[in-house]
Structures are given as C-alpha cells and as structure tokens.
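>>> No sequence on hand, only this structure:
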C-alpha cells in the first residue's frame, strides 16, 4: 500500500490509507488511545480502538518521536470535535495497523508537541535537531525557503545572471577587519565577508548578476540581529544612471518576495500572527533629514552621523506613522562610514548609498560604486590602502567598466522581521555566534 | 531614449535604437568603420559612415573593451553579408551617435573577440575578469545558471525543503582529513566538507531536504576534475525502502536538468558542439561486476576494489557501447571505502551506496545511511572514532530517525561533462586550487 501524505488524507474520507511519520503526542482517553501523527506535510489525529487488538497493544507502547507506519480508515469528525487549528482538523484516522519503524533512544528533553515551546533561546538551540521538529518552528523555514526561491525567481526574470563566487579569498579585501583567517595548505587565506569584488567583476561579464551564498563576518557582536555566518542575497547591475536605479530594482524585488510569501505561506504566517506589508512606494529619506526628524520628533541626537539601532527603529516608526510604510530607504551616508569603492555624491561629503530598513532593522545595504580606474585608485589612497595589494580587483576597472551599483540583502533578517522573531538566530537552522559552533 | 538590448535589436528594423555595451572589436574597411558591440545579451555589427562626422571621429578613437552608447537605425543586411553564426547576424546598425561611457586604462592582454581563445589554462585564469567576457566562455555560465535553477525547481517540485546549513563547523566531522582549519575568535574551527550531518538532521525535521551550497575540500589534488571549493547540490530523503529509491530520485533530477539545459541553452550548447544525453534508464552495475567487466573487456585489473579514474572512463565507455547510456550507476562499494554512517548491505562486506558516473567522471555519490542509534555507535567504534565526540550528531538518532539516504552532486562537474571542458576549472568563475587563490 502506497503512503499517503498527511496533508492529503482528508481527500480520502471513507477509504483505507497508509500514513507514516513521528508520534507528535499520545493521549489516552479511557479505552481510546489518540495519536497525533506528524509528517513533513502536517499533523493528523488518529484513534485506536481496543477492538483492534494488535494495533491497540502497539499503541500503548508508543511514545513521542517514535516513527511509525499506520493504516486505517479516514473518518469525518463530528462537528463538535473538529479542530479548526489543524489543516486536517475535520477528519481523523481510525487505525487498525501500527508498525514501529524506528524508536528514539531517549525521551525528548523538550515537549515539541506544544504550539509554543516557551523555552530559553539557548535551550532552543542546544537541542536544535529536536526543537526544529516543532510545527511552529518548521513554519519559519518554510517561509525562509520561499524567500530564497522568490528572490532567485525575480532576479532571473529581471535578466540577472546567477553566479557563485569563491568564499576563500587570498586577502582581507575591502581593507576591513572582521575576517576569519584560514590555513590554506602552506599559506594564510580568509573567508569572504561579501562577494563584492566578484560581483563587480560579474558586471563586466554579464552586466547584471546575483548570488545567494554564504557570508562570514568575524564580528564579536552579541545582538539579536547578528550571526557570524549568514546567507546573503547579493546583486550588482551595470549601465545605471544613478543609484536610484538600484533602489528601484531592490524595491521590485522586495515586493515580489512579499507577494510570494503571502501567497505561499498563508498558514505559516497565521501561526505567527504575521502581516505581510502591502505594496506601496518605499520612502527615500536622506540620512541628514532622518537625523533632523529624530531630533525634532523624538528628541534624539545622533553623533557623527552614525545612526544607531534605536534610531533605525525610531525612523521606521516615523515612516509607518507618516507614510504608512513598513520599509524606509535611508540614503546619502557620509563617506567615512562607507567602503573605499563607494561612489561619492557631487558634494564630496556624502555618498550615493542607501540602507533599507524593515520594521526597525536594516535588511539591505547598497549603492553606486566607483567605476573609473583613476578615481578608484585615488579613493584607495584616501582610505590609506595600497593599490598594489588590489591588483586583481583593479584589473576589472583597467579593462573597462560601466557605471554600476548593487546591494547586499540579508535573507534571515527578512524572515526575522516578517514573522516578528525576537532573535535572528531563530531564523537560522544552525546559527553560529561568537560562542556557538554547534550543533 | 531607452536602451534596447542587443538581442532585441533585430525586431526594430527601420527604427532608431539606442544600444550600449563593450566594443568587442573594431574593423576599418576603407572609409567604413565596423564596430561589433557586445552587451549581456549578445553581439551586433554596427557600421559608421564618414558622413556622420561626429560619430565617425568618435569611432576612429575606439578600441576593444571601450564602453559606449550608440544610437542608429537598424537595417537588414543583404543576403551575402548575413552572418549566420550571430543571432543578430541578419541586421546591422548604422550608427549616427556614439558616446563613450568608460575607457579601459590598458589594452587587453588577451583578444577576447575570438570565438576560441586558444590560450593556456593558467593565462585564462590569471586574466579571469577579462577572459570571462568572451562570448563562448560566458556560455559556460549560462549553462551553469540553468543547472542551478533546474536543480532547485525539480527538488521543490518533488517535495524537498530547501535548507542552508553552516559552513563553519566545530570539529573535523566525518572523521576525515581534508579539512581547512579556521581561527574562530579564540578557538579553532573547520570548514564543512559536506552538509552531511546537517542534512540528515533535516530529514528528522522535513523528511526531504536539499541544499545548494559551498563545499570545501583541503585535498592536495592536481587533476582536471578537482577544485578545493565548489558548489554541492545535496539532497537527503526519509522513509525510503532502500537505496534504489535514492537512485530513482536522483535519476529523475538528472533528466529534468538535462531537459532544461537542452531547452534553455540551445545556442550555448551549439557553441561547444555539445549533445545533451537523451533520456533512458541509467544502468545500475555492482562495483564487483564492473571490475569483472573491466578485466574481461579491457584487460584491466583493479586492486582492493578501489576504482580509479581510468576505470571510471572505461566503464562509461562500456555503458555507452552496451547500453547506449552516457550515465552509469556503480553500486555496492566495499565498506572500507565509505564513511562510518554508510548503511552496510546484508552481506556485511558491501554497502548500500552508489556513484553516478557521467561520460567518464563521477558527478554524484550517495546511498542509504544508518538510522539506528546503536548501529551507528557500533559503526563509529569499528572506524576507530569516539562516539562522545559526535554528541550533537548522535542526538539526531537518539530522538528517532526514519530510514533515509541521499546524495551529493557536483554542480561544476555536470557542466564540465555536458560541454566537454578539459578542466573543471573552466566551469568555475574564479576557481580555487592548491596554488590558486586569485583573482
């Protein structure tokens, strides 16, 4: 007999089906034994009556996380016993055959059958391979999967070529700190902290490129919005007129992703009471203007034009109240806060750059880059960098590059903000932070 | 005026268009100047007549890799001057406006306008950001992009959940050598040489998972089929009856990808004279049988059942002659050549494993894994490993796991074999080998 996926079981009322999965929970009600069985597609209630001797004996021995096969008849549940919260809530299976496929060795240290686990983040992560089996937590990664897929789809549809660039690099590029050092055979190397140089090379080849890939940041941060390894959704595009073109492109990508998640993850969103932002023009505010708003509206002063997390939250609050927008672009960051390859604005003080803030957290950063070789060399020198250590990168510009720009978008932060998760670590299957390298 | 993509220009015969891109080559024919202009979508011939004074003067100064904007009228080319090899070969643009957007600093060290570059691999890679601009080389990465996309599509359609797993791990898992060591804040860590443990955890969560991600191998190989960093296309599936289920799944994935590339990359395949294998059942041969065939048909003896690259080539040759197949599954590798988590066959000597060979090179390896905790611990001990160092991994099985198996598939090797590239490095944008960490 062929296995039926639990999500499909309600289609077979009155029929015998075989299902398989994990015992989510067993409940004994007098003579009746109820087993909630879980597979990849959902959970279904099954009931075992004492007259099915063998199945009944087997059911008595079952515990949470036992993996079993079951056969039985799909039955409509009477009105009052329907469970509206389960997608299979209007049926149950009266099981007459139970076969144990695999037994856990130990009892679960966490009862994952609860809708909300209510455990400390460190416990959630310590028992990660178990806690991820919880239905509500699985929902996070279905949303995450849709974010990855919809990003790839819209990029390809917009004429961007997918690329994969090396994560092992020979120099701490971008001139920054925060690189992990590797032993690479008989020499030192580093883990890429962004695909920046390679995607710029990509513009010289394909004009428009995107990458979904690992990003490594050796930042000793202990916050709810940082992990040391994440998946970046990067893009870079050539022949732009100015950096508004880049914001325009990112904006349509964002709306495509939002629509996709809204259409494909209804039940998952419902579990988190999450609302997907409705499409509307995203306000674009100069950082200097934002700082004035902060001062005027919230009495908050920011030093050295270095906007802090609280200010990002407040400016989003303002954007929501004033423009009804969950997103806001902050633009024209000062030169000292951006890397050497950043295109300066005409005034020389600010830059053709932006951050995209979503419900109080920066999810993307981008802008126009310098495409002229001489200008790039001059900028390196101004930043105290030695052009001769950037030969391969400078070659891209020696051989001719069009005006271009792009962005880096954090995949996990989108999910964090969409679902309202307290920590970004909840949006990573197996997160890495300063202290955590396992599981 | 809006920019027209070069591939679309033939639709505008008799109309004025603006195009932009790189000067692929300039040719002076008496009074006429011809510019082949290249953008992301293709190359088109343009002609500049002396009566357009300004454009003509500008055209005289153009060199290869200059980035320009051009305006002009699209004209049908007379029959005898059509170029069948170009997709835009039946038109040319008579340009009357030329604007230089960006000039290269130096002349290209390699003439990339040639169809075949005919340069040594090391030159090809040293000037990678330039040589990748060659049309025939770009074709490789259009095929590669289609391989990535079609793999993701078929996996999702087959009910596999996309996952992203950490590449920084706290122990040299799988008990093997060949790990790159990282300095991770105040301790040591390693780069993941496969997502094996994490995707098995994924089966406990989603039953079926796949990942497209970076794989790092510190193998000191100098061959045409190894790089030290590549993109793995991994999958793992639960509730299998045996490892044939895994081969069945991989086989449909392969055919889906082949069909996709054939449909979407016609021109790219043509450039390489590449033929996509026609769908037919892939032969499944036990390794022991394969060794007998090698001995009988080719007089080749293999020691210790360790099949070598030449034998893989020969067995593919045999599969092509005997079964008309470009692919062959070799199955039942001996236990000593597979990792500790491999499911042994009933006889205890062989394993429930396979390699998939494509035109002489292994592109995938997979099989069934041990899902029982006690059996796994016993296997670790047999391999001389300490179960206490695998606590997080063993937890997955302590909490209950169904029978499962999966594969690792090398994305670049598929492209290498499809297009008949001499080295896998040609199928990687910026390859990493023992000696090469740049560009």
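Thanks, I have the structure now. Everything quoted here is computed from the prediction, not taken from an experiment. Residues are numbered from 1 along each chain as shown, chains lettered A, B, ... in the order given.
>>> what's in contact with stretch A:375-388?
Applying C-beta atoms under 8 Å, 6 or more residues apart in numbering or on different chains, the external contacts of stretch A:375-388 come out as A:175, A:339, A:340, A:341, A:342, A:370, A:390, A:394, A:397. (Each C-beta comes from the backbone N, C-alpha and C, glycine too.)
>>> Could you dump these into TSV and include neighbour count and pLDDT?
Output for those, formatted as TSV (neighbours: other C-beta atoms under 10 Å in any protein chain shown; pLDDT from 0 to 100):
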residue	neighbour count	pLDDT
A:175	16	55
A:339	19	93
A:340	21	94
A:341	23	96
A:342	21	97
A:370	23	98
A:390	22	92
A:394	17	95
A:397	26	96
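>>> of those residues, closest to chain B?
residue A:397 (7.2 Å; C-beta to the nearest C-beta).
>>> hang on, the closest one in a strand?
No. Using DSSP: H, G, I helix; E, B strand; the rest coil, the assignment for residue A:397 is helix, not a strand.
>>> which residues does the closest residue to it other than its chain neighbours contact?
Excluding its sequence neighbours, the residue lying closest to residue A:397 (C-beta to C-beta, 6 or more residues apart in numbering or on different chains) is residue A:373, at 4.1 Å. Neighbouring residues of residue A:373 by C-beta under 8 Å, 6+ apart: A:394, A:397, A:398, B:105.
>>> Residue A:307 too?
A:287, A:290, A:291, A:315, A:330.
>>> okay, the contacts of stretch A:375-388 in CSV with secondary structure next?
Listed next are these as CSV, based on three-state DSSP:
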residue, secondary structure
A:175, helix
A:339, coil
A:340, coil
A:341, coil
A:342, strand
A:370, coil
A:390, helix
A:394, helix
A:397, helix
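>>> quick one: low-confidence parts of the stretch 51-200 of chain A?
A:85, A:172-177 (pLDDT under 70).
>>> Show me which of the contacts of residue A:373 is closest to residue B:435.
residue A:394 (21.9 Å; C-beta to C-beta).
>>> and the residue nearest to that closest one when sequence neighbours are not counted, what are its phi and psi?
Using C-beta to C-beta, 6+ apart and skipping residues adjacent in sequence, the residue nearest residue A:394 is residue A:387, 6.3 Å away. The phi/psi pair for residue A:387 (degrees, to the nearest 10) reads phi -50, psi -30.
>>> State the distance from residue A:387 to chain B.
Counting by C-beta to the nearest C-beta, to the nearest Å, the separation of residue A:387 from chain B is 12 Å.
>>> how many other residues sit next to that residue?
Using other C-beta atoms under 10 Å in any protein chain shown, residue A:387 has 15 neighbouring residues.
>>> Likewise for residue A:68?
Residue A:68: 25 neighbours (other C-beta under 10 Å).
>>> Pull out the buried positions in stretch A:240-260.
A:240, A:243-247, A:249-251, A:253-258, A:260 (16 or more other C-beta atoms under 10 Å in any protein chain shown).
>>> what does the stretch 1-150 of chain A put close to chain B?
Applying C-beta under 8 Å from any C-beta of the partner chain, we find that the stretch 1-150 of chain A lies next to chain B at A:3, A:20, A:22, A:39-40, A:65-67, A:101-106, A:108, A:127-130, A:132-133, A:138, A:141-142, A:144-145, A:148-149.
>>> For residue A:106, which non-adjacent residue is spatially closest?
Using C-beta to C-beta, 6+ apart, the nearest residue to residue A:106 is residue B:398, at 5.1 Å.
>>> Check whether that neighbour really touches residue A:104, as I assumed.
Yes. Taking C-beta atoms under 8 Å as the definition, residue B:398 is a contact partner of residue A:104 at 6.1 Å.
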